[in-house]
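Colleague: Any chance you could fold what I've pasted below:
(chains A and B)
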Amino acid sequence: MAHYELTTPVSEAQIRQLRVNDTVTLQSTLYGIRDATQIHMFDRGRRTRFDLNGHAVIHTAPNVKKVEKSPANPAGYAPVCIGTTTSDRMERFTRPLLTQYGVRIIIGKGGLREDSLAAFSELGGVYLAIVGGTAALETTWIEQIEDVDLDDLNPESLWRFRIRNFGPLLVAMDSHGESLFSVVRQDAQARRARVLASLGVKSA
Amino acid sequence: MKIDLKMVEETARDLYIRALKVLPPDIKSGFTRLVAHETVPTARNVLATMVTNIQVAEDTNNLLCQDTGVPIYNVIIGSGVAVDGHALKDAIRTGCERATREHPLRSSVVHPLTRKNEHTSCGIEVPVIHVDFTAAPDVLSIEMVPKGSGSENNSFLKMATPAEGIDAIKTFVIDCVLAAGGKTCPPTIVGVGLGGTSDLCVALAKRAATRALGTHCNDPEGAKLEQQLSAAVNQIGVGPQGLGGDSTAFAVHIELAATHITMNPVAVNMQCHSARRAKATFTPAGVTYGF
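Modeller: All right, here's what the predicted structure looks like:
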């Protein structure tokens, strides 16, 4: 259970060294993506002008305030509250994010499924779990909204955040086929019969 | 008692923002209880982060969670209150729009087919406004619940049969919690609706999920089952954020209604750990805010 400080973009080797239960704090740049962002990128043929190669994306759609463009707010947006949404809905976009855009890190909550885990193994990717519902805290790790693309999808635009000390985040799915969510799911399933028996359920 | 509709609009606006920023004291106490009993180190860390976030939100006057949810307003009108109900609903809707524009808040509400976002947190039939009545004469209360989608996306209904009995209810609740895993942002309040028609059953589940911690089902049989399920659900091991642990739920809440001789409906609706709600009470003395 080691702790890593990573500055994005990262290399495959940096990702391969991470194992489940390690923790990571990120520096530099983070991209925000969401359901509609990826539906448009992967189902409707739209491309982003951002270079996501080696980068980290977070499943989010932020609360922002429209402001005058300035050096402090170069995209014309000031952050209000930025948090993380449930990853599971976006399961089928993991592989194309890695193959088409070279994304290395996905940050989310609640975990992804088997195909994402396979993609992480094959292509060198990792899932970092953040504590969902703690957006007030997460917002303090974001310095600026640097840029935005596909903004007609607002709030589900593709956001580029400048981050500082973003974490610690938990390595919950690594590039060696390990997933904390799978372990917990299997364990919970194994407890089911005992729990139902404790409730007096006759045959389950 | 007469109701000033301009005041209703202001209150509906303030309630939305307030609910998003300050967690009710019963939920904070719920965290204290879970932290005291949690044995898994990862889970303890996750709970500690959640508790820190509650403080950061208050210190920075920020939203607890970025999900502004689907806005729900529950209105209860006293017997001596004179108010134009239609205008009251309009005032609430305007207050909801104003909160979104003026704070500003992320509008999380879209048309179900076109997915168009009006950036007002409003749309067809949204905000959801429920109206009920009380015998108390000089009171009108408005409760605001911003219902987050992570938990709402894990909503379930089963039209079980009488022959399947209470065992079907217990099994369904446990299986819903298993299926939801970490997607609901656990620890949750597991709301269970029993009986009624299918639509009433689902509405009861939502009422149960958004009830204050420490309150109990009015029906003694329902209250008994609540206790059993509350203990059982934390033996499953899903834990905070689905990363394993003892703290899968703050509690299981049940609301029930009579049902048909041939029916045994059970619905589950969950509330995430950011179990937000705020309430305003109008009396002849003025408006007071609470939870």
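
Colleague: Let me see the backbone angles for residue 63.
Modeller: Since no chain was named, I'll use chain A. Backbone torsions of A:N63, given as degrees, to the nearest 10, read phi -90, psi 120.

Colleague: actually it's chain B I care about, not the one you picked
Modeller: As for B:L63, its main-chain torsions (degrees, to the nearest 10) stand at phi -70, psi 140.

Colleague: How about B:V75?
Modeller: When read as degrees, to the nearest 10, the backbone of B:V75 gives phi -110, psi 130.

Colleague: Neighbours of it, how many?
Modeller: As a burial measure, B:V75 scores 20 neighbours (other Cβ atoms under 10 Å in any protein chain shown). C-beta here means a position set from N, CA and C on the backbone, and glycine is covered the same way.

Colleague: same question, B:A258
Modeller: 7.

Colleague: How much space separates A:F181 from A:Y127?
Modeller: Per Cβ to Cβ, to the nearest Å, A:F181 is found 9 Å from A:Y127.

Colleague: Give the residues shared as contacts by the two.
Modeller: Here A:F181 and A:Y127 share the contacting residues A:111-112, A:172-173, scored by Cβ atoms under 8 Å, 6 or more residues apart in numbering or on different chains.

Colleague: Just those: which are in helices?
Modeller: Nothing among these maps onto helices, per DSSP state H.

Colleague: among these, which are in reach of chain B?
Modeller: Among those, the ones lying near chain B by Cβ under 8 Å from any Cβ of the partner chain are A:111, A:172.

Colleague: By neighbours, which of the shared contacts of A:F181 and A:Y127 wins?
Modeller: A:A172 (32 neighbours).

Colleague: gap between the residue in chain A positioned nearest to chain B and A:A135?
Modeller: Using Cβ to the nearest Cβ, the single residue of chain A nearest to chain B is A:G83, 3.2 Å away. Counting by Cβ to Cβ, the gap between A:G83 and A:A135 amounts to 3 Å.

Colleague: shared neighbours of those two, which are they?
Modeller: Shared contacts of A:G83 and A:A135 (Cβ under 8 Å, 6+ apart): B:65-67.

Colleague: per-residue confidence averaged over the helix or strand A:A118 falls within?
Modeller: Element membership for A:A118, per DSSP states H and E: helix A:114-123. Helix A:114-123 shows a mean pLDDT of 98.

Colleague: Past that helix, which element shows up next along the chain?
Modeller: For helix A:114-123, the following helix or strand on the C-terminal side (DSSP H and E) is strand A:126-129.

Colleague: between the lengthiest strand in chain A and helix A:114-123, how big is the angle?
Modeller: Ranked by number of residues, the top strand in chain A under DSSP state E is strand A:158-173. Counting by axes from the mean of the first three to the mean of the last three Cα atoms, to 10 degrees, strand A:158-173 lies at 90 degrees to helix A:114-123.

Colleague: List, one by one, the residues from the stretch 51-200 of chain B near chain A.
Modeller: For the stretch 51-200 of chain B, the contact set with chain A under Cβ under 8 Å from any Cβ comprises B:52-53, B:56-57, B:60, B:62-68, B:103-108, B:115, B:117, B:148-150, B:153, B:167, B:170-171, B:174-175, B:178, B:181-185.

Colleague: Could you pick out the buried ones from those residues?
Modeller: In terms of neighbour count (16 or more other Cβ atoms under 10 Å in any protein chain shown), the buried residues within these are B:53, B:56-57, B:62-68, B:103, B:105-108, B:117, B:148-150, B:167, B:170-171, B:174-175, B:178, B:181-185.

Colleague: For B:K147, list the residues it contacts.
Modeller: With contact taken as Cβ under 8 Å, 6+ apart, B:K147 is in contact with B:69-72, B:206, B:210, B:271.

Colleague: Which of those fall within strands?
Modeller: B:70-72, B:271.

Colleague: could you list every residue that touches B:A275?
Modeller: So B:A275 contacts B:23-24, B:27, B:30, B:189, B:210, B:213, B:250 (Cβ under 8 Å, 6+ apart).

Colleague: Out of these, which comes closest to chain A?
Modeller: Of all the contacts of B:A275, B:L23 has the smallest distance to chain A: 10.3 Å, by Cβ to the nearest Cβ.

Colleague: give me the low-pLDDT residue ranges for the chain?
Modeller: Reading this off chain A. Applying pLDDT under 70 to chain A flags residues A:204.

Colleague: Quick check, central residue of it?
Modeller: In chain A, the residue lying closest to the centroid (Cα atoms, centre = their mean) is A:I107, at 1.9 Å.

Colleague: quick one, phi/psi of the nearest residue to that one once chain neighbours are set aside?
Modeller: Using Cβ to Cβ, 6 or more residues apart in numbering or on different chains and skipping the chain neighbours, the partner closest in space to A:I107 is A:I58 (4.1 Å). Dihedral pair for A:I58: phi -120, psi 140, per degrees, to the nearest 10.

Colleague: List the residues that contact A:I58.
Modeller: Neighbour list for A:I58: A:30-33, A:84, A:106-108, A:130 [criterion: Cβ under 8 Å, 6+ apart].

Colleague: What's opposite it in the beta bridge?
Modeller: Counting by DSSP bridges, A:I58 is bridged to A:G32, A:I107.

Colleague: any idea which helix or strand carries the residue of chain A closest to chain B?
Modeller: Using DSSP H and E, A:G83 falls outside every helix and strand.

Colleague: Would you mind measuring from it to B:C272?
Modeller: From A:G83 to B:C272 the distance is 12 Å (Cβ to Cβ).

Colleague: residues in contact with residue 79?
Modeller: Assuming you mean chain A. Listed by Cβ under 8 Å, 6+ apart, the contact set of A:P79 reads A:62-65, A:139, A:142, A:144-145, A:161.

Colleague: that's the wrong chain, I wanted chain B
Modeller: Contacts of B:S79 (Cβ under 8 Å, 6+ apart): B:133-137.

Colleague: Which of those fall within strands?
Modeller: Among these, the residues falling in strands (DSSP E) are B:133-134.

Colleague: Just put the contacts of B:S79 in JSON lines and tack on distance to A:Q17, neighbour count and pLDDT.
Modeller: Shown next, in JSON lines, are these (distance: Cβ to Cβ, whole Å; neighbours: other Cβ atoms under 10 Å in any protein chain shown; pLDDT from 0 to 100):
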{"residue": "B:F133", "distance to A:Q17": "63", "neighbour count": "11", "pLDDT": "97"}
{"residue": "B:T134", "distance to A:Q17": "62", "neighbour count": "13", "pLDDT": "97"}
{"residue": "B:A135", "distance to A:Q17": "67", "neighbour count": "7", "pLDDT": "97"}
{"residue": "B:A136", "distance to A:Q17": "64", "neighbour count": "15", "pLDDT": "94"}
{"residue": "B:P137", "distance to A:Q17": "69", "neighbour count": "11", "pLDDT": "93"}
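
Colleague: Nearest to B:P265, out of the contacts of B:S79: which one, please.
Modeller: Using Cβ to Cβ, B:F133 comes nearest to B:P265 of the contacts of B:S79, at 25.2 Å.
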